[in-house]
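mind looking at a prediction? Sequence and model below.
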Amino acid sequence: MTDTIRTRLDAALRSLGLWLAARITRNDAAGGSHVPSDFARLREALQPGDVLLVDGQSLVGQTVKYLTQSTWSHAALYVGDAAALGAPTDARHELVEVNLGEGCVSAPLSKYARYHTRICRPVGLSDADRARVAQFMTERIGLRYDMRNIFDLARYVMPKPPLPGRLRRRMLALGSGDPTRAICSSLIAQAFQTIGYPILPRVREVKLRTRDDATRRELLHIRHHSLYVPGDFDLSPYFEIVKPQLAAGFDPGLLAWAHQVPDEVGGAEALQFVAE
C-alpha cells in the first residue's frame, strides 16, 4: 500500500469515525430519565474537584448505563473558573469533560441544567490537592482523540447487546484504540490518581509479622484509569454523595402539601398549583 493510499484510507476512516461519533452522541439534549436537579442549588453546592455524574440519553449514554448497570452515563469534573486555572482563553467554563468525537473540552454548568445529576465529592483533600486535580484536567483541554478505530466505536451502536452480566462491563474495555481512552471517566480517574486519591482500588489483605503477633492489613492496588466508568464514582466508598437539596439545610416543616392549603389561599386553583 502506497503512502498516498494509506493517507486517503486514514482520512476516510477518520471522517467515518467522526460521523459515527456524532450519530451516537446525539439526543442528549433532552436530559435524563429522572427528575432534573435544582440548578440554582446545584451551582451553590458544587466545589472544585467535585465529580458531576450525568444521566444522558444518547446511544453512548444508554450503552454505558446498560453495560455498567448504573444510572450514570457521563462524568465531568467541576473546576470552578477554568480560565483562572490556566485554561485556554476561550474556555471560560466551570466543567471539564471528555466527549466522544470532541476530546477534552470545557463546558458551562448550564449545559446540564435539565439533567438528572449527582455530585460525588472526594473527602479529606486540601485546597491544594483539589487545585491539582482541577489543573490536571484544564491542562488537557483541547486534547483530541483519533476516531479511526471504527471497531472501538461499534460497541455503542447497539445500546443493549445480549450479554451476560459478568461480560457487560468488559465490553467497554474492548479494543485498544482512542475511542476506548475517550471514555469520560478515564481522564478524571487519572487526575485523582496523580494525587494518590482512591476511587475503587483492588484491596488485598496481607499478614504483617510483628514482634508480638501477626496482624493483618489491607493494601490498596491501583486499577488502571482506563477501567473506570462514571458509576464507579457513585459506588466508591471514598466519594461523598452531596445532594444540593439538602446541602444548604432542609426543614420538612416548611413544605407546602396540597391537602394542607386552606381554601382562602386560593381554592381549587391553589391546590392544583401546589400539587404540581
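The structure has been received and is ready for your questions.

so what does the strand or helix carrying residue 186 touch, helix or strand wise?
According to DSSP states H and E, residue 186 maps onto helix 184-193. Packing contacts for helix 184-193, counted by 3 or more Cβ pairs under 8 Å, 6 or more residues apart in numbering; DSSP states H and E, involve strand 74-78, strand 95-99, helix 127-138, helix 231-235. The way it works is simple: take the backbone N, C-alpha and C, and place the C-beta from them, glycine included.

which of the ones you listed sits most buried?
Across the helices and strands packed on helix 184-193, the average number of neighbours (mean count of other Cβ atoms under 10 Å) peaks for strand 74-78, which reaches a mean of 27.

just checking, what packs against the helix or strand hosting residue 105?
Secondary structure assigned from DSSP H and E places residue 105 in strand 103-107. Helices and strands touching strand 103-107, by 3+ Cβ pairs under 8 Å, 6+ apart, are strand 95-99.

please name every helix or strand in contact with the strand it packs on.
Under the contact definition 3+ Cβ pairs under 8 Å, 6+ apart, strand 95-99 sits against strand 74-78, strand 103-107, helix 127-138, helix 184-193.

convert the C-alpha atoms of the first one to PDB, please.
Yep, that's strand 74-78 we're talking about. Presented in PDB, the C-alpha positions along strand 74-78 are these (Å, rounded to 0.1, in the frame of the first residue of the first chain):
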ATOM      1  CA  HIS A  74     -21.300  10.600  31.800                       C
ATOM      2  CA  ALA A  75     -18.900  12.300  34.300                       C
ATOM      3  CA  ALA A  76     -17.400  15.800  34.300                       C
ATOM      4  CA  LEU A  77     -15.100  17.500  36.800                       C
ATOM      5  CA  TYR A  78     -16.100  20.800  38.300                       C
END
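
quick revisit: what about the helices and strands packed on helix 184-193, which gets the closest to residue 144?
Closest to residue 144 of the helices and strands packed on helix 184-193 is strand 95-99 (Cβ to Cβ; 10.4 Å).

for residue 19, give me the pLDDT.
Note on residue 19: pLDDT of 64.

go on, residue 230?
Here, the pLDDT recorded for residue 230 equals 88.

the spatially closest residue to residue 65 that is not a sequence neighbour: neighbouring residues, count only.
Counting by Cβ to Cβ, 6 or more residues apart in numbering, residue 65 lies nearest to residue 73, which is 5.0 Å off, once chain neighbours are set aside. Number of residues near residue 73 (other Cβ atoms under 10 Å) recorded here: 25.

you'd agree residue 73 is up against residue 67?
No. Between residue 73 and residue 67 there is no contact under Cβ atoms under 8 Å: 10.1 Å.
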